[in-house]
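Peer 1: I need the structure of the sequence given here:
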Amino acid sequence: MSTTRSRATMKDVAAHAGVGLATVSRVVNGDPNVSEHTRAMVHAAIASLDFQRNDSARLLRQGIAASIGVILDDMADPFFSTLNRAVENEATARSTLSITASSNNEASHARELISALCARRVDGLIVACPRGIDEDYLQKEIAAGTPMVFVDRAPLKFDADTVLSDNFGGAFDGVTHLIAHGHQRIACLSDSSKLYTVNQRILGYRRALESAGIPYNSDWEHADLTAGVSLEEWLKKISSLAADEQPTAFFCTNSRASVAVLRALRNSEATWPAILCFDDFELADVIEPGISVVAQDPTAMGELAANLLFERLGQRSAKQPQPDQQQKFRNSVVKTKLIPRGSAEIVL
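Peer 2: So this is what the prediction gives:
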């Protein structure tokens, strides 16, 4: 036999105290027009039954969401953990619960998580879309009344509220910075060129070379997870070239690639080139020389995404008419910042 006890309701409190349901509601909501005797009976019933009120309906009437869901790639990644903390802070300021889950950048798992959160009636979602996710499904959930804001990468098949980092522009500025220090043989290293963000950074790298009149060399691009050749093997191949054929600078497209490159260089006999990394990472300022980076601003991205979602929820709660299709969705791009620490400023 189950010994699980269901939560007490306001009806239970009213019956226990011997008063009407409306009286309990007034006491719970702090209405002063209740006698002290009645108020004491209601509070005694609340304590006896361990009653906790359900704030969902009340909060929604005030234009405040009861809970939101946040689906990100990997909460162990400093970028996503910082972004999530910013979302949590904005949610807490609005008396809202933020429920976060990691998709591991797997499309099927992301859909399972979104389905589970929608089934639990979260009021809105902030989502980093893995490559290959069923976007028709996402559209159906949005049409069914669950507002979504997409961070770090946008859906491909439909327009939506998005908050992105300036991946292309940051990469362009970073590689241009290397070129300004005399580097023309610049390698581009990543962990997977299939990621939207990495792909945009590779395009920024190529455009910077093109703008400087530097010929593009496909042999100087390496994506460790998709190239079929490990980074260590690639470095050995590069170091075997004549000195005037080797890259003099490395552009790493994300923090995971940056750490992999530094480890591979440490274990190789190759001379360390100039290094510039897209996205900051722990201890990058401690290494000698310090690792120069193109830093993203995940805090600003999280704040923007949360504020946009709560604005949408406020419009829904107030039953405001939706703007026309041309103005319906917003695409915010957060600027990056180049932080020179020495590794990229080696002048040829």
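
Peer 1: quick one, phi psi at the residue nearest to Ala300 when sequence neighbours are not counted?
Peer 2: The shortest distance from Ala300 to any non-neighbouring residue, by CB to CB, 6 or more residues apart in numbering, is to Val334 (5.1 Å). No exception for glycine: its C-beta is placed from N, CA and C like everyone else's. The phi and psi torsions at Val334 (degrees, to the nearest 10) take the values phi -90, psi 130.

Peer 1: before we move on, what about Ile68?
Peer 2: Per degrees, to the nearest 10, the backbone of Ile68 is at phi -130, psi 150.

Peer 1: And it, what's its pLDDT?
Peer 2: We note a pLDDT of 95 for Ile68 in this prediction.

Peer 1: how about the nearest residue to it once chain neighbours are set aside, what does it touch?
Peer 2: Among residues not flanking Ile68 along the chain, Gly124 sits closest, at 5.0 Å (CB to CB, 6+ apart). Neighbour list for Gly124: 65, 68-69, 146-149, 309-310, 312-313 [criterion: CB atoms under 8 Å, 6 or more residues apart in numbering].

Peer 1: just so I have it, where are all the strands in this protein?
Peer 2: 67-72, 97-102, 125-127, 148-151, 161-165, 186-190, 221-223, 249-252, 274-278, 292-295, 331-334, 337-339 (DSSP state E).

Peer 1: closest to Ser268 among the contacts of Gly124?
Peer 2: Checking the contacts of Gly124 against Ser268 with CB to CB, the nearest one is Val149 at 42.8 Å.

Peer 1: Listing request: residues of the protein with sub-threshold pLDDT.
Peer 2: Along the chain, the model assigns pLDDT under 70 to residues 1-6, 54-65, 225-227, 316-327.

Peer 1: Now do the domain split for it, please.
Peer 2: Under the assignment automatic domain parsing, the domains of the chain span 10-53, 61-165+298-333, 167-296.

Peer 1: start to end distance for the first one?
Peer 2: The distance separating the two terminal residues of domain 10-53, taken as CA to CA, to the nearest Å, comes to 8 Å.

Peer 1: Identify whichever of the strands of the chain lies nearest to Leu178.
Peer 2: Shortest distance between Leu178 and these, using CB to CB, is found for strand 249-252: 4.7 Å.

Peer 1: what's that closest one packed up against?
Peer 2: helix 167-180, strand 186-190, helix 255-266, strand 274-278 (3 or more CB pairs under 8 Å, 6 or more residues apart in numbering; DSSP states H and E).

Peer 1: What lies in contact with it?
Peer 2: With contact meaning CB under 8 Å, 6+ apart, strand 249-252 is reached by 171, 174-175, 178, 183, 185-190, 205, 258, 261, 273-278, 344, 346.

Peer 1: repeat that for 6 Å
Peer 2: Strand 249-252 is contacted from outside by 175, 178, 183, 186-189, 205, 258, 261, 273-277, using CB atoms under 6 Å, 6 or more residues apart in numbering.

Peer 1: Direction included, what does it pair up with?
Peer 2: strand 186-190 (parallel), strand 274-278 (parallel) (DSSP bridges).

Peer 1: Figure out which of these is closest to Ala242.
Peer 2: Of all the strands paired with strand 249-252, strand 186-190 comes closest under CB to CB, at 15.6 Å.

Peer 1: Tell me which two of the contacts of strand 249-252 sit farthest apart.
Peer 2: His183 and Ser258 (17.2 Å).

Peer 1: residues contacting the nearest residue to Gly174 once chain neighbours are set aside?
Peer 2: Leaving aside its sequence neighbours, Gly174 sits nearest to Val294 (CB to CB, 6+ apart; 4.3 Å). Shown in contact with Val294 (CB under 6 Å, 6+ apart): 170, 174, 278, 336, 338.

Peer 1: roughly how far apart are Val294 and Asp280?
Peer 2: 8 Å (CB to CB, to the nearest Å).

Peer 1: Mark which of the contacts of Val294 are buried, thanks.
Peer 2: Neighbour-count burial (16 or more other CB atoms under 10 Å) applied to these gives 170, 174, 278, 336.

Peer 1: wait, which of the residues you listed is closest to Ser103?
Peer 2: Phe278 (21.7 Å).

Peer 1: That closest one bridge partners, please.
Peer 2: Going by DSSP bridges, Phe278 forms beta bridges with Val294.

Peer 1: is it true that it touches Arg201?
Peer 2: Yes - taking CB atoms under 6 Å as the definition, Phe278 is a contact partner of Arg201 at 5.4 Å.

Peer 1: so what's in contact with those two at the same time?
Peer 2: Taking CB under 6 Å, 6+ apart as the contact rule, Phe278 and Arg201 both touch Thr253.

Peer 1: Ile126 is in contact with Ala305, correct?
Peer 2: Yes - at 5.0 Å, Ala305 and Ile126 qualify as touching, with contact defined as CB under 6 Å.

Peer 1: shared neighbours, these two?
Peer 2: 149, 151.

Peer 1: can I get the contacts of Val294 in CSV with distance to Ala76?
Peer 2: Shown next, in CSV, are the contacts of Val294 (distance: CB to CB, whole Å):
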residue, distance to Ala76
Gly170, 23
Gly174, 25
Phe278, 19
Thr336, 22
Leu338, 26
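
Peer 1: now, among those, which is nearest to Val24?
Peer 2: Looking across the contacts of Val294 and measuring by CB to CB, the closest to Val24 is Thr336, at 54.3 Å.

Peer 1: With Gly174 as the reference, measure out to that closest one.
Peer 2: Distance from Thr336 to Gly174, by CB to CB: 8 Å.
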